[in-house]
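Peer 1: no sequence on this one, just coordinates:
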């Protein structure tokens, strides 16, 4: 079963009010070619003053701009700007995942983030801009293995929270990125059961 067919069966949740609030989009880019491990691409965000997610692991992406034709176009444009990976030329669009609600990093206004999945068919050469510190391909088998799940303690104004995460070679995937990753892996696992 091709990735496109198993992802299209995932039936993503689209938030009905998404067109009334600020929007962003990200790209989940995976590879699975002969001679290379199946892997999912992450960036480590650069450290920037005032950015609450400085240094966090994320998928490339950003806010929709007036010139973008769609949230998919936003994810593709932002990925090329942040990493040099050209999804227009070397990415094969697969499907979208569920919308997620978050907030602007500088304000407490709501923002909807739409993840889009692409199969990568190019080389691994990166040209990171000022927004990304590192680019990392993490094996899908590692991400899917329950042994590699952990928790992250966060201090917040309402007290200490314990959040699920996945740690890999000093990197920690949590929050929205973790939720998107889990939806992607769940769809992949369900397809494997039906194959």
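Peer 2: The structure has been received and is ready for your questions. What you are looking at is a predicted structure, and each value in this text was computed from that prediction instead of being measured.
Peer 1: Neighbours of residue 189, how many?
Peer 2: Residues within reach of residue 189, counting by other Cβ atoms under 10 Å, total 11. The C-beta positions use only the backbone N, C-alpha and C, and glycine is treated the same way.
Peer 1: And it, how close does it get to residue 183?
Peer 2: Distance from residue 189 to residue 183, counting by Cβ to Cβ, to the nearest Å: 11 Å.
Peer 1: what's the single longest helix in this structure?
Peer 2: Determined from DSSP state H, the single longest helix within the chain is helix 175-194.
Peer 1: Let me see the contact set for the residue nearest the centre of the chain.
Peer 2: Nearest to the mean C-alpha position of the chain, by Cα atoms, centre = their mean, lies residue 59 at 3.4 Å. Taking Cβ atoms under 8 Å, 6 or more residues apart in numbering as the criterion, residue 59 is in contact with 26-29, 41-43, 115, 177, 180.
Peer 1: And residue 160, by the same measure?
Peer 2: Per Cβ under 8 Å, 6+ apart, neighbours of residue 160: 153-154.
Peer 1: and after the lowest-mean-pLDDT helix or strand in the chain, which helix or strand comes next?
Peer 2: Ranked by mean pLDDT, DSSP states H and E, the weakest helix or strand in the chain is helix 3-8, scoring a mean of 54. Following helix 3-8 in sequence order, the next helix or strand is strand 22-31 (DSSP states H and E).
Peer 1: between that following strand and helix 175-194, how many degrees?
Peer 2: Angle between the axes of strand 22-31 and helix 175-194 is 50 degrees (criterion: axes from the mean of the first three to the mean of the last three Cα atoms, to 10 degrees).
Peer 1: in this protein, which spans are strands?
Peer 2: Counting by DSSP state E, the chain has strands at residues 22-31, 39-45, 57-58, 61-63, 91-96, 100-103, 110-120, 132-139, 149-156, 159-168, 171-174.
Peer 1: Any regions of this structure where pLDDT drops low?
Peer 2: For the chain, the stretches with pLDDT under 70 are 1-12, 15-20, 33-36, 50-53, 103-108, 192-195.
Peer 1: tell me the contacts of the nearest residue to residue 124 once chain neighbours are set aside?
Peer 2: Nearest residue to residue 124 in three dimensions, chain neighbours excluded: residue 137, at 6.9 Å (Cβ to Cβ, 6 or more residues apart in numbering). Neighbour list for residue 137: 31, 37, 39-41, 124 [criterion: Cβ under 8 Å, 6+ apart].
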